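A.B. asks: Structure of the sequence below:
(one chain, ligands or ions: 1)
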Amino acid sequence: MSDRRSTDDGPADNGRPVVEAVNVTKRFGSTVALDGVDLLVRQGETHALVGRNGAGKSTLVSILTGLQTTDTGCVAFDGRPAPPLGDRDAWRQRVACVYQKSTIIPTLTVAENLFLNRHARGVDRLIRWGAVRRAAAQLLADWSVDVDVRQPAATLSVEQRQVLEIARALSFGARFIILDEPTAQLDAAAINRLFNRIRDLRAQGVTFLFISHHLQEIYEICDQVTVFRDARHIVTAPVAQLSRPALVAAMTGEDVSLPEAGERPPPADDVPVVLSVRDLVTRSGAEFSLTARAGEVVGIAGGGGSGKVEVAEAIVGLARPVAGTVVLDGRTLRPGSVPDALAAGVGLVPQDRHREGLVPALSIGENVTMTVPQRVRRHGFISPTRRDAIARRTIADLTIKAAGPRVPVAELSGGNQQKVVMGRALANDPKLLVLITPTAGVDVRSKQTLLGVVEDVRRRGSTVLVVSDELDDLRICDRVLVMFAGRVVREAAHGWRDNDLVAAMEGVDLDHV
Ligand SMILES: Nc1ncnc2c1ncn2[C@@H]1O[C@H](COP(=O)(O)OP(=O)(O)OP(=O)(O)O)[C@@H](O)[C@H]1O
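C.D. replies: Presented below is the predicted three-dimensional model:
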C-alpha cells in the first residue's frame, strides 16, 4: 500500500495506523461495490470518507465493522489482522459505528442500553441493577454526557442517542469510531455540540472516520479526506490541501454547480392558486397559512423544533392538524389522510424514507408505481412490462445507480433509495410536490439532479414546497417562509443572503440587533 503520510503538522503526521484496509474488493452478484480500495486512518485523526451515492462507503464500513467479509484484500487494526467475523467482542473493542438509524433499544433505559448483555451479576447470578446504574452513571460522567441513566431510551433526542452510542463504544474499549452521516438529523446547534465533542475526544486520542455528504463539515472537522468514486479509491489528502472544487471533481469526475432559481417576478393574480393552506394549527401548536400559485416553488425553512416538518406533514396528511384547512386545486383535503392527498394530486418525499418512504424488499419498479396502480394495469392486471417501462424512465431521469428496474430497493445505496422516493413522488404527475429534506444523504451530483427535477415540475405548472434547512435546497425557491418556534417569522424573496436566512432560522432578527 502506498504511504499516504500527511504533510501537515497535526497528529495525523505522527499517528500510527489505527486501521488499514488494503486492496479490498467486494462484489454483490454482478455489482462491484469495492474494487481494490485502500484506506489508512492514523491515530488521533478525524478522517473523512466521501463519495457519491453508491461509491462504496457503506460497504467499506460494513467490512471495517466485521459485518461482512472482503472477497479479496485485508483489514488490520493497530497493525494486527482483523479478528474472525464471529468474535463480536473483539470487534467491539476495536471499532464502533454510529449509524443514522440508531441501534439504541427504545424500550430499555439508558443504563440497560449501555450494559446490555454485560450486566454486573452477584454470586447468585442475579443482575445487580444498582451496580449497573452506578457504572452507567460513572461512564457517562467520564465522557461528560449529561443524561439520566434511568431514563427510557425512547425519550432521548437524536443527539442524545448518538452521544450515548459513542459512550457505549468507548466503554467497550474502542478508540476508533465511524460516524455515518451523523449530522443528517441534527440542527445547527446540535451539530456544533457534536463537533465540539469530536474535538474533545480527538484530543484524548480517539480516532474518527467521518462520512458525510455535507462538504463544509469535512472542512470544519476533518484533517484527512479519502475519496471513493465508482468503487475505487481516488485520492487521500490532508483536507487543507484539497480545495472544494478539487474535492467535488474527485468525487464526480467533473465540475458540478447546483441549480438556483432564476429571477422571476411574483406570479400574476390570474395565475391559478394551486395550494391554499388556511389557519393550520398542528398538534404541538405550530401555525401556518399559505397561498401558492401554479409554477411557484415555495420554501419552508427552519431549524429543529421550528415546526416546519410538522406543518408539511399536516399539509400532506401524514399528521392530523387540530385546526385549519388545506385546499388543493379547489378540493379540500381530508385532514390526516395521505390517500386523499395522493388522490388529489400530491407527490410526496417524506422526511423518513425508512418509515413512510419505501418497501425495501420490493423492486424499484414496485416502489415507484406503488401509488399509481392505474398506470401499470392492463386488462385489470398489473403489467410488469408497463411497470418496468416506468421504472426504467425513472432510473434514467434521476440517474439511479442500479442494474435494472427489478432490483430490490434494499440493494441500493442510501442516496439512490432517496431518488426512488423522488421517482415515486413524480409518478402521478403531481399538482403539488412536497419535498421534506429531499437531499438528505444525497451526494452533490445527485443533489443537482434532484433539485433540477423541481424546475421541470414547476415549468409544467405544478406547485412545489421545499421543506428544509439546507441553503442549497432553498436556493431553488421563489420565496422562503422561515419558521421559528411554531410561527412564520420571515418571508424572504429570492435573492436572500445566506446570513439573513440562517439568522431568521435561529430566531435572530438581523434588522433589529
Ligand atoms: N446487499 C447488497 N446487495 C446488492 N448490492 C449491494 C448491496 N449493498 C450494496 N450494494 C451495491 O454496492 C454499491 C455500493 O453501495 P454502498 O451502499 O456501499 O454505497 P455508499 O457509498 O454508501 O452510498 P450512499 O452515499 O448512497 O449511502 C451500490 O451499487 C449498491 O447498490
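
A.B. asks: Show me the helices in the stretch 201-350 of the chain, by range?
C.D. replies: All helices of the stretch 201-350 of the chain, identified by DSSP state H, counting those that start in this stretch, fall at 215-221, 244-252, 308-316, 338-344.

A.B. asks: Could you export the ones you listed as CSV, including distance to Q160, mean pLDDT and mean neighbour count?
C.D. replies: Just so you know, the C-beta spots here come from the backbone N, C-alpha and C atoms, and that holds for glycine as well. As requested, the helices of the stretch 201-350 of the chain are exported to CSV (distance: least, Cβ to Cβ, whole Å; pLDDT from 0 to 100; neighbours: other Cβ atoms under 10 Å):
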stretch, distance to Q160, mean pLDDT, mean neighbour count
helix 215-221, 20, 91, 17
helix 244-252, 32, 86, 17
helix 308-316, 19, 96, 26
helix 338-344, 30, 94, 18
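
A.B. asks: Tell me which of those lies nearest to the ligand.
C.D. replies: Minimum separation from the ligand across these (Cβ to the nearest ligand atom) falls at helix 244-252, 10.4 Å.

A.B. asks: what about the closest one and the ligand, touching?
C.D. replies: No - contact of helix 244-252 with the ligand (Cβ under 6 Å from any ligand atom) is absent, the minimum separation being 10.4 Å.

A.B. asks: Tabulate the helices of the stretch 201-350 of the chain (CSV), appending distance to T109.
C.D. replies: Output for the helices of the stretch 201-350 of the chain, formatted as CSV (distance: least, Cβ to Cβ, whole Å):
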stretch, distance to T109
helix 215-221, 31
helix 244-252, 42
helix 308-316, 28
helix 338-344, 34
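
A.B. asks: quick one: which of the ones you listed is nearest G29?
C.D. replies: Minimum separation from G29 across the helices of the stretch 201-350 of the chain (Cβ to Cβ) falls at helix 244-252, 25.1 Å.

A.B. asks: Check the offset of the closest one from the chain's centre.
C.D. replies: Chain-centre distance of helix 244-252: 20 Å, with Cα atoms, centre = their mean, to the nearest Å.

A.B. asks: and if you look at stretch 456-464?
C.D. replies: Using Cα atoms, centre = their mean, the offset of stretch 456-464 from its chain centre is 25 Å.

A.B. asks: For L116, which of the helices of the stretch 201-350 of the chain is the nearest?
C.D. replies: Judging these by Cβ to Cβ, what sits closest to L116 is helix 215-221, at 29.4 Å.

A.B. asks: State the distance from K447 to D180.
C.D. replies: 18 Å (Cβ to Cβ, to the nearest Å).

A.B. asks: So Q185 is in contact with Q100, correct?
C.D. replies: Yes - with contact defined as Cβ atoms under 8 Å, Q185 reaches Q100; the gap is 6.9 Å.

A.B. asks: can you list the residues of the stretch 401-513 of the chain near the ligand?
C.D. replies: 401, 411-416.

A.B. asks: Dump those residues into TSV; add pLDDT as well.
C.D. replies: Shown next, in TSV, are these (pLDDT from 0 to 100):
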residue	pLDDT
K401	90
E411	91
L412	91
S413	87
G414	84
G415	85
N416	91
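
A.B. asks: of all these, which two lie farthest apart?
C.D. replies: E411 and G415 (13.5 Å).

A.B. asks: Those two - which one has more neighbours?
C.D. replies: Legend: neighbour count by other Cβ atoms under 10 Å for E411 and G415, higher for G415 (23 against 16).

A.B. asks: what's the closest of the helices of the stretch 201-350 of the chain to N499?
C.D. replies: When the helices of the stretch 201-350 of the chain are compared (using Cβ to Cβ), the closest one is helix 215-221, at 14.7 Å.

A.B. asks: Give me the distance from the closest one to the chain's centre.
C.D. replies: Per Cα atoms, centre = their mean, the displacement of helix 215-221 from the mean C-alpha position of its chain is 16 Å.

A.B. asks: And the ligand, is that helix touching that?
C.D. replies: No - Helix 215-221 does not reach the ligand (Cβ under 6 Å from any ligand atom); its nearest approach is 13.1 Å.

A.B. asks: Near G441, how many other residues are there?
C.D. replies: So G441, with other Cβ under 10 Å, has 20 neighbours.

A.B. asks: For the residue lying closest to it once chain neighbours are set aside, which residues are in contact?
C.D. replies: The shortest distance from G441 to any non-neighbouring residue, by Cβ to Cβ, 6 or more residues apart in numbering, is to G414 (4.8 Å). With contacts defined as Cβ atoms under 8 Å, 6 or more residues apart in numbering, G414 is in contact with 53, 58, 181, 441.

A.B. asks: swap the cut-off to 10 Å and go again
C.D. replies: 53-54, 57-58, 100, 180-181, 184, 213, 353-354, 440-443 (Cβ atoms under 10 Å, 6 or more residues apart in numbering).

A.B. asks: What pLDDT is listed against the residue lying closest to R320 once chain neighbours are set aside?
C.D. replies: Nearest non-adjacent residue to R320, counting by Cβ to Cβ, 6+ apart: G336, 3.1 Å away. If you check G336, the pLDDT there is 95.

A.B. asks: Could you list the low-confidence segments of the protein?
C.D. replies: 1-14, 117-128, 254-257, 353-356, 509-513 (pLDDT under 70).

A.B. asks: Please report the distance of the nearest residue to D340 once chain neighbours are set aside from the ligand.
C.D. replies: Spatial nearest neighbour of D340, excluding adjacent residues (Cβ to Cβ, 6+ apart): R334 at 4.0 Å. For R334, the distance to the ligand equals 35 Å [Cβ to the nearest ligand atom, to the nearest Å].

A.B. asks: Does R334 touch P321 like I think?
C.D. replies: No - judged on Cβ atoms under 10 Å, R334 makes no contact with P321 at a distance of 11.4 Å.

A.B. asks: between the two, who's got more neighbours?
C.D. replies: P321 (24 against 15).

A.B. asks: give the contact list for that one.
C.D. replies: Per Cβ under 10 Å, 6+ apart, neighbours of P321: 277, 279-283, 286-288, 310-311, 313-315, 335-336.

A.B. asks: And for E165?
C.D. replies: Applying Cβ under 10 Å, 6+ apart, we find E165 in contact with 96-99, 102-104, 113-114, 177, 179, 182.

A.B. asks: can you check T332 too?
C.D. replies: 276, 278, 325-326, 340, 344.

A.B. asks: farthest-separated two in those residues?
C.D. replies: Counting by Cβ to Cβ, the most remote pair of the contacts of T332 is R278 and D340, 17.0 Å apart.

A.B. asks: what about L140, which SS state?
C.D. replies: Under DSSP: H, G, I helix; E, B strand; the rest coil, L140 falls in the helix class.

A.B. asks: That one and F176, how far apart?
C.D. replies: For L140, the distance to F176 - Cβ to Cβ - is 21 Å.

A.B. asks: what does A389 give?
C.D. replies: 47 Å.

A.B. asks: now swap in A492 and tell me
C.D. replies: Distance from A492 to F176, by Cβ to Cβ: 43 Å.

A.B. asks: Next: A76.
C.D. replies: Taken as Cβ to Cβ, the span from A76 to F176 is 12 Å.

A.B. asks: what's the overlap in contacts for those two?
C.D. replies: With Cβ under 10 Å, 6+ apart as the test, A76 and F176 both reach 18-19.

A.B. asks: more crowded one of the two?
C.D. replies: More crowded of A76 and F176, by other Cβ under 10 Å: F176, with 21 against 15.

A.B. asks: And for R202, the neighbour number?
C.D. replies: 18.

A.B. asks: Could you do D279 as well?
C.D. replies: 11.

A.B. asks: which ones are touching it?
C.D. replies: Contacts of D279 by Cβ under 10 Å, 6+ apart are 287-289, 321, 323-325.

A.B. asks: For it, give its distance to V482.
C.D. replies: 19 Å.

A.B. asks: just V464 next, same as before
C.D. replies: 17 Å.

A.B. asks: what's the answer for E45, then?
C.D. replies: 37 Å.

A.B. asks: Compare the two and say which one has the larger neighbour count.
C.D. replies: The residue with more neighbours, out of E45 and V482, is V482; 28 against 23, by other Cβ under 10 Å.
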